[in-house]
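Enquirer: here is a sequence together with a model predicted from it:
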Amino acid sequence: MAIEMLVGLNVVDDDAYQAYRDGITPILKSCGGGFGYDFKITEVLKSKTEAPINRVFTIYFLNKDSKNSFFSNDEYLEIKKSYFEKSVTDTTIIATYER
């Protein structure tokens, strides 16, 4: 069963975040995953967290194993360290569900 996550971020460097996305997309695709929806937002009306959110997206995987394979991939972790860590200050997993 496919796994999908709804994620909220606080992106503080759009260029570095785009470099992160560009770098991880081929890895994500090789694991059978991808991005569904992607939004830049300016106002959060209600939240269950104190963390600011200005970007919301969905990311999907074929199954739990493909999700784990993606997030533990050495190349992914290197790209994350280079770009994600300096471009995003907060991450909120809003939901994870099977589809």
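Expert: Yep, it's here.
Enquirer: alpha carbons only for contacts and neighbour counts from here, please
Expert: Will do.
Enquirer: just checking: what are the partner strands of the longest strand seen in the chain?
Expert: The longest strand of the chain (DSSP state E) is strand 88-98. Here strand 88-98 is paired, per DSSP bridges, with strand 3-11 (antiparallel).
Enquirer: which is the next helix or strand following the strand it pairs with?
Expert: Sequence order places helix 14-30 as the next helix or strand after strand 3-11, per DSSP states H and E.
Enquirer: report the buried residues of the following helix or strand past that following helix.
Expert: Counting by DSSP H and E, the element after helix 14-30 in chain order, helix or strand, is strand 34-40. Residues of strand 34-40 classed as buried: 34-35 (neighbour count, 16 or more other CA atoms under 10 Å).
Enquirer: before we move on, what about stretch 3-12?
Expert: Judged by neighbour count using 16+ other CA under 10 Å, the buried positions of stretch 3-12 are 3-11.
Enquirer: same question for stretch 21-37.
Expert: Buried positions in stretch 21-37, judged by neighbour count with 16+ other CA under 10 Å: 21, 23-24, 27-28, 31-35.
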